[in-house]
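[1] Need the 3D shape of this:
(4 chains)
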There are 2 protein chains.
Amino acid sequence: MKDPTNPVCRTISTLLSRIGDKWTVLVVQTLGDGPKRFNQLRREIPSVSQRMLTLTLRNLERDGLVSRTVTPTIPPRVDYELTELGQSLQKPICGLATWALDNVEAIHGAQARFDAEQDAKAEAA
Amino acid sequence: MKDPTNPVCRTISTLLSRIGDKWTVLVVQTLGDGPKRFNQLRREIPSVSQRMLTLTLRNLERDGLVSRTVTPTIPPRVDYELTELGQSLQKPICGLATWALDNVEAIHGAQARFDAEQDAKAEAA
DNA sequence: CCGTATCCTCCAGGATACTG
DNA sequence: CAGTATCCTGGAGGATACGG
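    Predicted structure coming up:
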């Protein structure tokens, strides 16, 4: 089940890494409300670099989560859009997000207690 | 909503990174069937290094997802166990996993098509 | 406008050795 | 047994410059 050579496990853990990477979720979320052009995405996610946005989109395209449509006008125009598969991913992601939302307080509390205890120990030294 | 300075967004994205990191999910999953001792975890996740297991557990403990119980015998004994919060996280994680499972085929297919197309382009050169 | 190419930095994470 | 300390390397990801 957690044998790293198992191809299914590898797919799952790749997906999890993808989810956990710096930009994927943000991009998927942003594409959630319809197709967007490249620079439109850049504007809506100001912190992403051009390079990283390109790479993220390429990965999503490769996985079949996002479609890329080129209109060879001048200047060129490229539209990105969630595929059906991509849209279906939104639900489980959303599940995770709501869990986080529901438990921010609890988590922050736990962290505060933990850190306080660490400080207390440091004090004792 | 995607303002990185927003504390709620930061918590969410930290959680996502946590989910996406190399060991967290594996550890949570492994603790899913009851409390485990340190080396017991190491054995069940052979690929994890001692260092990384320690760090992962510390993070989980800090976030209140895992409890750490020390029994100061000789040799010492330390038990790790999912807290209620930790257990509640299993559901959304599982949601993601099932999505992955349900769509492995589709993803692999998309990847194959994508790669084939890339090769075709490389060929043309 | 939409990328690719290159360079550079930083740190996650492995290997190893040591302690209580 | 359950860690901490230290060193080291690969690769993620930013900045910048260029091309179609």
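
[2] Report the separation between the residue nearest in space to the middle of chain A and chain B.
    Most central in chain A under CA atoms, centre = their mean is residue A:25, positioned 2.0 Å from the mean C-alpha point. With distances defined as CB to the nearest CB, to the nearest Å, the gap from residue A:25 to chain B amounts to 6 Å. C-beta coordinates here come from the backbone N, C-alpha and C atoms, glycine included.

[3] which ones are touching that residue?
    Applying CB atoms under 8 Å, 6 or more residues apart in numbering or on different chains, one finds that residue A:25 lies in contact with A:19, A:93, B:13, B:16.

[4] Remind me which helix or strand it belongs to.
    helix A:24-31 (DSSP states H and E).

[5] The lengthiest helix in chain A vs helix B:84-123, what angle?
    Criterion DSSP state H: the longest helix present in chain A is helix A:84-123. Orientation note: helix A:84-123 sits at an angle of 130 degrees relative to helix B:84-123 (axes from the mean of the first three to the mean of the last three CA atoms, to 10 degrees).

[6] can helix A:84-123 be found next to chain B?
    Yes. Using CB under 8 Å from any CB of the partner chain, helix A:84-123 reaches chain B at A:85, A:88-89, A:91-93, A:95-101, A:103-104, A:106-111, A:113-115.

[7] Let me see the mean pLDDT of that helix.
    Here helix A:84-123 scores 94 as its mean pLDDT.

[8] Tell me how far it lies from the chain's centre.
    With CA atoms, centre = their mean, to the nearest Å as the basis, helix A:84-123 stands 16 Å off its chain's centre.

[9] dump the residue contacts of residue A:110.
    Shown here is residue A:110, whose contacts under the criterion CB under 8 Å, 6+ apart are B:62-65, B:85.

[10] Pipe those residues into CSV and attach secondary structure and neighbour count per row.
    Converted to CSV, these look like this (DSSP: H, G, I helix; E, B strand; the rest coil; neighbours: other CB atoms under 10 Å in any protein chain shown):
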residue, secondary structure, neighbour count
B:62, helix, 18
B:63, coil, 24
B:64, coil, 21
B:65, coil, 26
B:85, helix, 17
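
[11] on that earlier part again, can you flag the buried ones in the residues of helix A:84-123 next to chain B?
    The neighbour-count test (16 or more other CB atoms under 10 Å in any protein chain shown) applied to these identifies A:85, A:89, A:92-93, A:95-97, A:99-100, A:103-104, A:106-107, A:110, A:114 as buried.

[12] quick one: which of those residues is nearest to DNA strand D?
    Closest approach to DNA strand D among those (CB to the nearest atom of the strand): residue A:114, at 12.8 Å.

[13] Isn't the closest one up against residue B:60?
    No. With the criterion set as CB atoms under 8 Å, residue A:114 and residue B:60 do not qualify as a contacting pair; they are 10.7 Å apart.

[14] re the thing from before, following the chain onward from the helix holding residue A:25, which element is next?
    As the chain continues past helix A:24-31, the following element, by DSSP H and E, is strand A:36-37.

[15] need the residues of chain A near DNA strand C, please.
    By the criterion of CB under 7 Å from any atom of the strand, the positions of chain A lying close to DNA strand C are A:37-40, A:50-51, A:54, A:57-58, A:68, A:75-78.

[16] what about 6 Å?
    Taking CB under 6 Å from any atom of the strand as the measure of proximity, chain A contacts DNA strand C at A:37-39, A:50-51, A:54, A:75-78.

[17] Farthest pair within the contacts of residue A:110?
    Pairwise distances across the contacts of residue A:110 (CB to CB) peak at 12.0 Å, for the pair B:62 and B:85.

[18] picking that back up, relative to helix A:24-31, how tilted is the longest helix of chain A?
    Per the same axes, to 10 degrees, the angle that helix A:84-123 makes with helix A:24-31 is 130 degrees.

[19] mind checking the backbone torsions on residue A:80?
    When read as degrees, to the nearest 10, the backbone of residue A:80 gives phi -110, psi 140.
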